[in-house]
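Novice: The sequence and its predicted three-dimensional model are supplied below.
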Amino acid sequence: MLFEKQEYQEKCVDNIIEVLKDYDFKFNDVDALYASITEFYKSNLLPIKDKSNQTRLDIEMETGTGKTFTYIKTIFELNRQYNQNKFIIFVPRKAIREGVIQNIELTSDYFFQEYGKRISLYTYDSKLSVSNIKNHYLKNEDELSVLVLTNSSIDKKDTNIIHKYQEDLFGDDSIFNSLQKLNPILIIDEPHLLKGTAFTNIFNEFNSLCLRFGATFPSEPKHKLSNMVYSLDSITSFKQFLVKKIRVNTVITNDSRLKVNHAAANSVELLYFQDNEEKKVNVTKGEDIGLKSGESMFNGLYVVNISIKDKKVYLSNKTALTIEDNYELSDEEIRLMIRKTIECHFQKEESFFNKRIKTLSLFFIPNIADYRGDEPRIKKIFEEEYKILRSEIISNTQNEEYKKYLLRDINENGELIVHEGYFSGDRGSADDKITTGIDLILKDKESLLSFDTSLRFIFSVWALQEGWDNPNVFNICKLANTDKDTSRRQQIGRGLRLCVNQDGQSEGLQRRKKKAQSNLVISEGMSSLAQQMVY
């Protein structure tokens, strides 16, 4: 994959270096850092923003703009200009850890050309990795080293190996205590997910300089965005064509079913959709829903009973509605949304094929069992719809090379090989096919982007919604509702990065203006939620 200098990334790194020009990395004086930040704001004619009394700098970067690349470059600059050798990157999940490791490896040659050295990379996931930390990361003080840790590797003092005392380590001490004494620079990736009390309490024992990089920051006072030295928000990113535009595709069904929005002992707020518009009506037991709502299709229908205990609302037509289940999709809705996503995929795929740009699609589904279970309904629906639409494309396309590409979608055993999933707990799978697919998704970005690899439809519940991304995700299908704005932003953010071709090259500005668009496929029940997240 090719990498190019981006002005906004260079500016971000320059800001960090400028703020730290008089910083004492040994003593980590918070007052001195506070003064440096104040001077930085004044010299750059910036309004003074929220400042905290912590040895911490915050960097806000929209998803898809190269946040990981930027902090890797920051590591090299801090090493070159201020002789800082030791860094720890904290991430909230294993999938994100794999993404960070992959990015450091992919950019190794690029940064070697600029800085003449490589990062020695360490992680913490086995006995061997513990030995490497002890014998190399801790002992080789002059080595430019990065240790990538999840929060779960340090937040349990009673059970984490990192907190256990080891007699062979500089006397009788723990790895954690030895890391503290080394005084590494700390980097937090995805700060909105690293705010738990257990992690925060142990993290604060480092008392080291911390750089937080994220598109989303927590709202709690002690974790909120502060000491900000660079900001590239979503609106700016979009206006500068640094990310893709999101086009919303709302799937409308003829299903105007009533759904429960809120329920009390004697009344219920019902939700339904009419002409692509969300409507609500409050009724009490025995009250005619048609008369109350003014919708003739509900005339004569009324609530017979409300059971909070059973989470059911019983209607006069002998049906029951489930309380707090207002966004559960029917099989019909799921099928229509999957079909729409595949249609969007084929449109992108065929139009980009001769430009040597591979198209990927990502599905967020409600449950692992919908894809991995004994009766994986979503996987089954996907394969049915894909085969139907694929046959139509093969029959109608005039592009013979593209037709040959589609004919490789089924292996010698008659299995469709274009899709795979990644879910929490998958790393321990004994299934070779699953393991190969997971490695492609998490570890081998270049192969996933290659036409030589048939995999191009990816399924997940939530494990891929943060930290993982791929520049060629052009379609996102949300088959599961998420309650939090941050989760919705993170999921949509998987489709923001600008695409690359088979040589790893991105497009120039004028071409980006034409191509920089991803599709978001949602149900009508999610339309009002998604519109809030789209620029």
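Specialist: Received, thanks. Residues are numbered from 1 along each chain as shown.
Novice: Where do the helices of the stretch 201-350 of the chain begin and end?
Specialist: 234-239, 289-293, 331-353 (DSSP state H, counting those that start in this stretch).
Novice: Can you tell me which of the ones you listed is most buried?
Specialist: Using mean count of other Cβ atoms under 10 Å, the stretch among the helices of the stretch 201-350 of the chain with the greatest mean number of neighbours is helix 331-353 (a mean of 20). In this view, the C-beta of every residue, glycine as well, is placed from N, C-alpha and C.
Novice: returning to that earlier point: reformat the helices of the stretch 201-350 of the chain as TSV; add mean pLDDT and distance to residue 375.
Specialist: Shown next, in TSV, are those (pLDDT from 0 to 100; distance: least, Cβ to Cβ, whole Å):
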stretch	mean pLDDT	distance to residue 375
helix 234-239	82	39
helix 289-293	87	34
helix 331-353	93	12
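Novice: Turn these into TSV, columns for distance to residue 267.
Specialist: Shown next, in TSV, are those (distance: least, Cβ to Cβ, whole Å):
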stretch	distance to residue 267
helix 234-239	40
helix 289-293	11
helix 331-353	27
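Novice: now for these, which one comes closest to residue 315?
Specialist: Across these, residue 315 has its closest neighbour in helix 289-293 (8.2 Å, Cβ to Cβ).
Novice: Who are the packing partners of that closest one?
Specialist: strand 277-284 (3 or more Cβ pairs under 8 Å, 6 or more residues apart in numbering; DSSP states H and E).
Novice: Tell me the confidence at residue 327?
Specialist: On pLDDT, residue 327 comes in at 55.
Novice: So which bits of stretch 144-158 are buried?
Specialist: Neighbour counts over stretch 144-158 (16 or more other Cβ atoms under 10 Å) mark 144-151, 153-155 as buried.
Novice: Going by distance to residue 71, which of those wins?
Specialist: Comparing every one of the buried residues of stretch 144-158 with residue 71 (Cβ to Cβ), the shortest separation belongs to residue 146, at 10.0 Å.
Novice: so that closest one makes contact with residue 104?
Specialist: Yes: under the criterion of Cβ atoms under 8 Å, residue 146 makes contact with residue 104 at 6.6 Å.
Novice: pLDDT for the buried residues of stretch 144-158 - can I get that in TSV?
Specialist: Converted to TSV, those look like this (pLDDT from 0 to 100):
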residue	pLDDT
144	97
145	97
146	97
147	96
148	95
149	94
150	91
151	91
153	88
154	88
155	87
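Novice: In helices, which of those residues fall?
Specialist: The helices, defined by DSSP state H, take in nothing from these.
Novice: In contact with the closest residue to residue 454 other than its chain neighbours, which residues?
Specialist: Spatial nearest neighbour of residue 454, excluding adjacent residues (Cβ to Cβ, 6 or more residues apart in numbering): residue 417 at 4.8 Å. Neighbour list for residue 417: 409-411, 454-455 [criterion: Cβ atoms under 8 Å, 6 or more residues apart in numbering].
Novice: Where do the strands of the stretch 101-250 of the chain begin and end?
Specialist: For the stretch 101-250 of the chain, the strands defined by DSSP state E, counting those that start in this stretch occupy 120-123, 145-150, 165-166, 173-174, 185-189, 210-214, 228-232, 245-251.
Novice: what's the closest of those to residue 198?
Specialist: Each of the strands of the stretch 101-250 of the chain has some distance to residue 198 by Cβ to Cβ; the shortest is strand 145-150, at 12.9 Å.
Novice: Packing partners of the closest one?
Specialist: strand 86-91, helix 94-106, strand 120-123.
Novice: ok, of the ones you listed, where does mean pLDDT dip lowest?
Specialist: helix 94-106 (a mean of 90).
Novice: List the buried residues in it.
Specialist: Of the residues in helix 94-106, 94-104, 106 count as buried by neighbour count, 16+ other Cβ under 10 Å.
Novice: what's the answer for stretch 70-86, then?
Specialist: 70-79, 84-86.
Novice: I would like the residues contacting it, please.
Specialist: 9, 12-13, 16-17, 20, 23, 25, 59, 61, 87, 89, 103-104, 107, 111, 114-115, 117, 119, 137, 141-146, 182-185, 187, 189, 211, 213.
Novice: ditto for stretch 290-310
Specialist: With Cβ under 8 Å, 6+ apart, stretch 290-310 has contacts from 256, 258, 263-268, 272, 274, 279, 281-289, 312-317, 323.
Novice: redo that, cut-off 6 Å
Specialist: Stretch 290-310 is contacted from outside by 263, 268, 281, 283, 285-289, 313-314, 316, using Cβ atoms under 6 Å, 6 or more residues apart in numbering.
Novice: From those, which one has the minimum pLDDT?
Specialist: For those, the pLDDT minimum is residue 263, 83.
Novice: for that one, what are its contacts?
Specialist: By Cβ under 6 Å, 6+ apart, the neighbours of residue 263 are 306, 323.
Novice: ok, now how distant is it from residue 184?
Specialist: 53 Å (Cβ to Cβ, to the nearest Å).
Novice: do the same with residue 205
Specialist: Taken as Cβ to Cβ, the span from residue 205 to residue 184 is 13 Å.
Novice: Which one's more surrounded, these two?
Specialist: residue 184 (22 against 13; other Cβ atoms under 10 Å).
Novice: returning to what we had before: the helices and strands packed on strand 145-150: which one's closest to residue 450?
Specialist: Residue 450 sits nearest to helix 94-106 of all those, at 13.9 Å, using Cβ to Cβ.
Novice: quick one, that closest one and strand 86-91 angle?
Specialist: Helix 94-106 and strand 86-91 are oriented at 140 degrees to each other (axes from the mean of the first three to the mean of the last three Cα atoms, to 10 degrees).
Novice: Against which helices or strands is helix 94-106 packed?
Specialist: Helix 94-106 sits against strand 145-150, with contacts defined as 3 or more Cβ pairs under 6 Å, 6 or more residues apart in numbering; DSSP states H and E.
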